[in-house]
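**Q** only the shape, not the letters, is given here:
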């Protein structure tokens, strides 16, 4: 999914009894990603996939979730420290009866990144990112959700937040169209 063009560049079928982890490398072989920023959800945050992205001359912003237990623990621990080394930005959006505030912090201090176990196994790792979303619906319903990422991008919180937001374009622009307009889920 090319977020800026709203265009599908490639698609790979996930075989039965497997998942995206095997399909992503095949898709990367089909697409020229030189100079691009590749974003992948947590399942695709794998050391082999990261190495392939870097080998092809691209940057990455990859979600960190529980499937990479030690990485997740180390990244969240870094953000529990005082924010002296963080680069920070925030955005606010209102509409559809809600207010969304997103806070983005980026750590790219090499000394802090050295606290990540097996850091060198994550090719090109330059920063870790936390995006905290606060959604207010009406007067009573408020939710807070933090998401974490690893990246080859260095330190620019505004860019990191834009990349994370663009990643969700595949959900909002592509999947919604396929599911609702083309009724794909009904087939």
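**A** Sure thing, it's come through. The shown structure was predicted, so the numbers you read here are calculated from the model rather than taken from an experiment. Numbers count the residues shown, from 1 in each chain.
**Q** mind listing the strands for this structure?
**A** For the chain, the strands defined by DSSP state E cover 37-40, 59-64, 86-95, 98-107, 127-137, 141-151.
**Q** need those in CSV (columns: distance to residue 28, mean neighbour count and mean pLDDT).
**A** (Glycine included, C-beta is placed from N, CA and C.) As requested, the strands of the chain are exported to CSV (distance: least, C-beta to C-beta, whole Å; neighbours: other C-beta atoms under 10 Å; pLDDT from 0 to 100):
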stretch, distance to residue 28, mean neighbour count, mean pLDDT
strand 37-40, 8, 21, 94
strand 59-64, 11, 23, 97
strand 86-95, 29, 14, 91
strand 98-107, 25, 19, 95
strand 127-137, 22, 19, 96
strand 141-151, 17, 16, 96
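**Q** indicate which one of these is closest to residue 21.
**A** Of all these, it is strand 37-40 that lies closest to residue 21, at 10.1 Å by C-beta to C-beta.
**Q** if we can go back for a sec, now tabulate the strands of the chain in JSON lines and tack on distance to residue 48.
**A** Shown next, in JSON lines, are these (distance: least, C-beta to C-beta, whole Å):
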{"stretch": "strand 37-40", "distance to residue 48": "12"}
{"stretch": "strand 59-64", "distance to residue 48": "12"}
{"stretch": "strand 86-95", "distance to residue 48": "29"}
{"stretch": "strand 98-107", "distance to residue 48": "24"}
{"stretch": "strand 127-137", "distance to residue 48": "20"}
{"stretch": "strand 141-151", "distance to residue 48": "14"}
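**Q** and the helices in the chain?
**A** Per DSSP state H, the chain carries helices over the ranges 20-30, 47-55, 69-79, 110-113, 157-167, 169, 176.
**Q** tell me which of these sits most buried.
**A** Between the helices of the chain, helix 157-167 has the highest mean count of neighbours, a mean of 19, where neighbours are mean count of other C-beta atoms under 10 Å.
**Q** okay, now the unreliable bits of the protein?
**A** Within the chain, the stretches with pLDDT under 70 are 83-85, 169-179, 181-182, 187.
**Q** nearest to residue 132, of the helices of the chain?
**A** Between those, helix 69-79 lies closest to residue 132; by C-beta to C-beta that is 9.4 Å.
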